Every structure is written in structure tokens, then in C-alpha cells.
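Participant: A predicted structure for the sequence below; I have some questions about it.
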Amino acid sequence: MNALDLYRSVRAADVVLEGRVRRVLGELGLTPLEFNALRVLLEHGELRLGPLAGRLLCDDSTLTRAVRRLEARGSVARRVDPADRRAVVVAITDAGRVELGAAETAVADDLARSITGSASRDAARVIDALDHLVETIDDGVAAS
């Protein structure tokens, strides 16, 4: 196994999938960053911007713009962190949960339509293999 070939294959799959997901989310008025921010907030609860940016692997200023757009739509709420009045925490709202649910359904439906037959069985094996790979990578990125 050539590790560089693994990287190239995973990256090529990511580019194709990201393009499809970006198109579907764009039709819903969301960016992939906004979508993923909602997913992280749903999973982890309210977070400060810095830790949220870390989980999303983006810089604070990029995330701040995305959070402002989500807040303007009512999908997230920002408030002063009671533990540190200088900081802000962000939480998903009920409207954000609805928006995220609709977006996840739209993405899943689009991908399901594009992955059929033997490709569907292959995708299930790839998911298992990638999950195992992520669990075993020891560079700190997968664990964060």
C-alpha cells in the first residue's frame, strides 16, 4: 500500500462528493461550512467560536462570517459566555435544527440517487475502511 496513493484516492473522492454536497446545500442557501457548523453544534452543544473553528478546521474570521449568516437566518444564537464575559458562545436554535435536518435529508437523497448498485455496496465497505483508518491515524488530527 502506498500512502500517497491512499491520500490521492481519498482526496479525489472528497472533491467529487464536496462538489455534489456544495451544489445541494447551495440550493438551500447554505455553505458547507455553515452546514458543518450546525452539525457540530447539534452534536456538541454550545461552543465558543475558537473551539468551534478548531473542530471545523477553519480560522476564526471565516467562521465568524458564517456564524453571522446563520444568526441572521435564526439558525444559531450567540450570547456572552457566563464563564468569561469577554467571550461568546454559539448554540444551534430550533430553527437551525429544522434547517440542518432538511439539509441532511437533501444531501443524503442526492447522494443515494448517484450511488446505486454495486457502487452502493462498495461505498458501504469504503465507509467501514475509512472509519477504521480514522480511528488508527495517530497524528492528532483525527482525534480532535
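Facilitator: Sure thing, it's come through. Numbering: from 1, shown residues only.

Participant: does Ser114 really touch Leu17, like I thought?
Facilitator: No: judged on C-beta atoms under 8 Å, Ser114 makes no contact with Leu17 at a distance of 9.5 Å. C-betas here are computed from N, CA, C, even on glycine.

Participant: which one of these two is surrounded by more residues?
Facilitator: Counted by other C-beta atoms under 10 Å, Ser114 and Leu17 do not tie: Leu17 has more neighbours, with 14 against 11.

Participant: check contacts around that one.
Facilitator: Leu111 (C-beta atoms under 8 Å, 6 or more residues apart in numbering).

Participant: and it, what helix or strand is that in?
Facilitator: Under the criterion of DSSP states H and E, Leu17 resides in helix 3-27.

Participant: next: Leu133.
Facilitator: Using DSSP H and E, Leu133 falls within helix 118-136.

Participant: got the CA coordinates for that helix in CSV?
Facilitator: The C-alpha coordinates for helix 118-136 follow below in CSV (Å, rounded to 0.1, in the frame of the first residue of the first chain):
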residue,chain,number,x,y,z
SER,A,118,-22.5,-2.3,-6.8
ALA,A,119,-21.3,1.2,-6.1
SER,A,120,-23.6,1.3,-3.1
ARG,A,121,-22.1,-1.9,-1.7
ASP,A,122,-18.6,-0.6,-2.4
ALA,A,123,-19.5,2.7,-0.6
ALA,A,124,-20.5,0.7,2.5
ARG,A,125,-17.1,-1.1,2.5
VAL,A,126,-15.3,2.2,1.9
ILE,A,127,-17.1,3.8,4.8
ASP,A,128,-16.1,1.0,7.1
ALA,A,129,-12.5,1.1,5.9
LEU,A,130,-12.3,4.9,6.3
ASP,A,131,-13.8,4.8,9.8
HIS,A,132,-11.2,2.3,10.8
LEU,A,133,-8.4,4.4,9.2
VAL,A,134,-9.5,7.5,11.0
GLU,A,135,-9.6,5.6,14.3
THR,A,136,-6.0,4.4,13.8
